[in-house]
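Trainee: Fold the following.
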Amino acid sequence: MPFVLYATPNFTENAVRFLSTVVQIPDVQLGLITQEPLVLLRSDLRERLAAHRQVENPFNADQLKRAARSMQEQHGPIYRIIGAVETIQTPIAEVREALGITGMNVETILNFRDKTRMKTKLREAGIPCARYRGVTFVADALDFAAECGFPIIAKPPTGVGSLSTFKLHNLEELQSALAYMKPAAGNEVLLEEFIIGTEHSFDTFSLAGQPVFHTLTHYHPNPIEVMREPWIQWQVLLPREVDAPEYDDIRDVAFRTLDVLGMHTGLSHLEWFRRTDGSIAVSEVAARPPGAQITTLISRANDFDAVEAWAKMMIFEEFTPPQRQYAVGAAYLRGLGQGHVKAVHGLEQVDREVGHLVTDAKIPVPGSPHAANYEGEGYIILRHPDTHVVRAALQKVVSLVRVELV
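Mentor: The predicted model follows:
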């Protein structure tokens, strides 16, 4: 029975969701590395573990190596080590190399983690992406702004999501962002052209370097706009027509992108733009499962467990493509303002009008704190065979539901 390690910083809701799936995979002994003590994990999951090691810093490769070697001495050779969190991918790869474990190596992972390195590779390969420059001096940033024009995007090269991303409209905002981000040698800031268009994701299961199943989503509106406008309740739509000709261009670009970056086995999350002229620009790619409930959307659209499929692919290098059956969408319930949730309004009408489409829901709980991200305090997921039905239902949900904060 193979001994497999799973590494996660802490026991967030999403981490527990992934762990509860991985720990139930048959014919596997699972060892767990975390920053938090095991007592904080649900007892039913603790009982299924073969081993656990707590580390002070799960993003420190040396600490992960010591934990892995300790469990290896007790349980024998480590067959695989995996994790779903983006910021832990590089130290996991270092453990693989140090202990001779099969999986993507450090050089390949850095193609996905270092966004400046990533975009350089993509541009050299002729793959369309936004103009960019990694800067360590304020003067370089000012030169790029003069060359590219405003607005521009600023973010750390190894950032995750839009929380550490800034849309800058003028020189004053650029100077304020640079004062906050402090570009310097060893602390590069990535500046990008701001692309006018719609934003999307393209999520691919790859096996031995070949894409074996893919899906895509549409963001409404773009996440960075959601972060700038606290009244917006974000929507993500996964259409049923993923194989339609209208997506031939992004399918080709996405698969070439994964090939250039060296994607081998796993689930990748590529974010891309459709410019107003219809052309495509790749934003960035992560070599890990998508967040924001997109794995749930993929599961519901194809009537399978995307997390389980990812885990089995990572461990056993096997994958059986599911059949596309539904369009699916998520409406994220987001309170306006600060404080804590006081009440959620409009749910009764949502239940009357589109309740039959709901597959999953996380309703904000009174007293819970405001979430300072585009996902908000909760979500409602809907599905139907007709993409137009799901699109209309998403719009109805965000028009009816209001999260009141106090």
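
Trainee: alpha carbons only for contacts and neighbour counts from here, please
Mentor: Noted.

Trainee: got the contact list for residue 167?
Mentor: Taking C-alpha atoms under 8 Å, 6 or more residues apart in numbering, we find residue 167 in contact with 151, 152, 153, 154, 194, 224.

Trainee: Out of the residues you listed, which sit inside strands?
Mentor: Members of those lying in strands (criterion: DSSP state E): 152, 153, 154.

Trainee: list the contacts for the second one?
Mentor: Residue 153 makes contact with 165, 166, 167, 168, 191, 192, 193, 194, according to C-alpha under 8 Å, 6+ apart.

Trainee: That one and residue 182, how far apart?
Mentor: Here residue 153 is placed at a distance of 15 Å from residue 182 (C-alpha to C-alpha, to the nearest Å).

Trainee: again with the last one
Mentor: Distance, residue 154 to residue 182, using C-alpha to C-alpha: 12 Å.

Trainee: ok, these two, which is more surrounded?
Mentor: Per other C-alpha atoms under 10 Å, whichever of residue 154 and residue 182 has more neighbours is residue 154, with 24 against 15.

Trainee: Report the secondary structure state of the residue lying closest to residue 285 once chain neighbours are set aside.
Mentor: Once flanking residues are discounted, residue 285 sits nearest to residue 270: 4.2 Å by C-alpha to C-alpha, 6 or more residues apart in numbering. Residue 270 falls in the strand class when you classify it by DSSP: H, G, I helix; E, B strand; the rest coil.

Trainee: got the contact list for residue 61?
Mentor: With C-alpha under 8 Å, 6+ apart, residue 61 has these contacts: 91, 92, 94, 95.

Trainee: Next, the contact list for the closest residue to residue 166 other than its chain neighbours, please.
Mentor: If the residues on either side of it in the chain are set aside, residue 166 comes closest to residue 154, at 5.2 Å by C-alpha to C-alpha, 6+ apart. By C-alpha under 8 Å, 6+ apart, residue 154 lies in contact with 165, 166, 167, 168, 177, 189, 190, 191, 192.

Trainee: For these, which single residue is the most surrounded?
Mentor: Highest neighbour count within the contacts of residue 154, by other C-alpha under 10 Å: residue 191, with 28 neighbours.

Trainee: So that one, which state does it fall into?
Mentor: Quick answer, by three-state DSSP: residue 191 is strand.

Trainee: who's it bridged to?
Mentor: Under DSSP bridges, the beta-bridge partners of residue 191 are residue 133, residue 154.

Trainee: mind giving me the domain split of this protein?
Mentor: Here the domain assignment for the chain is 3-103, 131-193, 197-405, based on automatic domain parsing.

Trainee: Pipe the ones you listed into TSV and attach distance to residue 124 and mean pLDDT per row.
Mentor: Shown next, in TSV, are those (distance: least, C-alpha to C-alpha, whole Å; pLDDT from 0 to 100):
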stretch	distance to residue 124	mean pLDDT
domain 3-103	23	97
domain 131-193	12	86
domain 197-405	10	96
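
Trainee: now those domains as CSV including distance to residue 122?
Mentor: As requested, the domains of the chain are exported to CSV (distance: least, C-alpha to C-alpha, whole Å):
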stretch, distance to residue 122
domain 3-103, 20
domain 131-193, 11
domain 197-405, 7
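
Trainee: What are the boundaries of the helices in the stretch 251-400 of the chain?
Mentor: 294-302, 306-316, 347-354, 387-400 (DSSP state H, counting those that start in this stretch).

Trainee: Return the most buried member of these.
Mentor: Neighbour counts (mean count of other C-alpha atoms under 10 Å) averaged over each of the helices of the stretch 251-400 of the chain peak at helix 294-302, with a mean of 22.

Trainee: residues in contact with that helix?
Mentor: With C-alpha under 8 Å, 6+ apart as the contact definition, helix 294-302 has outside contacts at 215, 238, 240, 289, 305-307, 322-330, 359, 381, 383.
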